[in-house]
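Student: When you get a sec, could you give me coordinates for this:
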Amino acid sequence: MSDVTSYRVTGDWRHIVDDGMTDADAEPDHVYPSGHVLFEAIDPDVAQSGDPTLAYTLASVTAPIVEGILVDNEDREGIWLAGSIGDTPVTWRATTHLEYAGQPLDYPVLEFELVGDTHITGIEPHDGGYRLSTTAAPAGVVSHPVTGDWRHIVDDGMVDLDALPDEALPTGKVVFHPVWPAVATAGDPAVAYTFATVTALVAAGELRDLQGRSGVWLAARVGVTPIQWRAVTEVEFQGQKIKLPPVDLVLDGPARLTSLYRDATVWPAPVVTAVEGHRLAAEDAADRAEVAANEFGLTATSSTLAPGSQATVTVSGEGPAYAVEFGIPDPVWAGTADDLPATGTPGVLYAIFEE
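Tutor: Numbering: from 1, shown residues only. I've put the predicted structure just below:
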């Protein structure tokens, strides 16, 4: 085995969840997921080394994750993998299967060339995915509180003397979904953090955590990576759901959710008065044109004129209804083209009928 060089691979995972019932603070808790990592050699399929030459192939390796730590099958921290065979480096694919409280957690698949001892939770975003980081991640997870208050304006009730609308207190919940990133790292050696959905209550119109304290704390930054959240508000009053838009937020300090709805709503753009007048005039002209088209009418009449006079056509009316009158000299000759006289008579109108 002298031609095979191996290196140690380690990893450390945490899952950030809503504050639990076992501590006095209101900040998110860091829990330890479990699972395993499947390491598969993807290059080379076979490598040659030694004299006489030996052919080496590589088996896949599965390593457990116990309380957030990568261990080998004898419960030692880390696992050893082949890094090179002779002069041939080995590229591995690491597929991480994580779960917490029976819920699977998303984690990226990593591909890396093993050129030394490697901490596989030291990763960074790259080209829409992730890669092993070449720099140490700054330590620290920073959290900030989010607060909010809601009112629902209803018709005047029977419990006061005035006739003004009343302000009611809705109830419900706000669900905060982690949007990006799926994984963030902090510390040296790096710890990889994943994020749970956080649910907060709306009780008597006020945002509260699950322990009834005002507001809820969210992870705002892991190392230097800001965390983006989407808040989905589901509130009601007397069984009637109240529609509110979702809000995307990145926390750089304490935030008040109920001050952010305007930013999340698409409002109509203001209209300049002169432009609005032209628009209304154009719409009015289009309406009148449509009415005119629907009312268009044509009436045709005829009359007999004195022999030898010229035929006339008269159009009258201002629209959309018109009258057309034909003046036809008398006498009138009518027949087929075969019966038409070779020489016409002045003052006679000839009408030819086609068979």
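
Student: drop to CA atoms for contacts and neighbour counts, all remaining ones
Tutor: Will do.

Student: buried residues in stretch 206-214?
Tutor: By 16 or more other CA atoms under 10 Å, the buried positions in stretch 206-214 come out as E206, L207, R208, D209, L210, S214.

Student: sorry, that was for stretch 26-38
Tutor: Within stretch 26-38, judged by 16+ other CA under 10 Å, the buried ones are A26, E27, P28, D29, H30, Y32, P33, S34, G35, H36, V37, L38.

Student: What about the residue nearest to the fifth one when sequence neighbours are not counted, how many residues nearby?
Tutor: Counting by CA to CA, 6 or more residues apart in numbering, I16 is the residue found nearest to H30 once chain neighbours are left out, at 4.8 Å. Number of residues near I16 (other CA atoms under 10 Å) recorded here: 20.

Student: on that earlier part again, so which one among the buried residues of stretch 206-214 has the lowest pLDDT?
Tutor: The member of the buried residues of stretch 206-214 with the lowest pLDDT is L210, at 88.

Student: Identify the residue spatially nearest to Q48, adjacent ones excluded.
Tutor: A55 (4.6 Å).

Student: Where does that neighbour fall, secondary structure wise?
Tutor: Assessed by DSSP states H and E, A55 sits inside strand 54-56.

Student: Each with direction, which strands does that strand pair with?
Tutor: Sheet neighbours of strand 54-56, with direction, are listed as strand 47-49 (antiparallel) (DSSP bridges).

Student: mind checking how far the strand it pairs with is from the chain centre?
Tutor: Its chain's C-alpha centre and that of strand 47-49 lie 50 Å apart, by CA atoms, centre = their mean, to the nearest Å.

Student: Could you list the residues in contact with that strand?
Tutor: Residues outside strand 47-49 that contact it (CA atoms under 8 Å, 6 or more residues apart in numbering) are D3, L54, A55, Y56, T57, I85, G86, T88.

Student: before we move on, back to that, show me what the helix or strand hosting the residue nearest to H30 is in contact with.
Tutor: Here I16, judged by DSSP H and E, is contained in strand 13-17. Residues from elsewhere that reach strand 13-17 (CA under 8 Å, 6+ apart): 28-33, 68-69, 100, 121, 191-198, 219.

Student: which residues of the stretch 1-150 of the chain score low on pLDDT?
Tutor: The stretch 1-150 of the chain contains residues with pLDDT under 70 at 1-2, 21-22, 137.

Student: after the strand holding I16 comes which helix or strand?
Tutor: In N-to-C order, the element after strand 13-17 by DSSP H and E is strand 29-31.

Student: What is that following strand packed up against?
Tutor: strand 13-17 (3 or more CA pairs under 8 Å, 6 or more residues apart in numbering; DSSP states H and E).

Student: Alright, that wraps it up for me.
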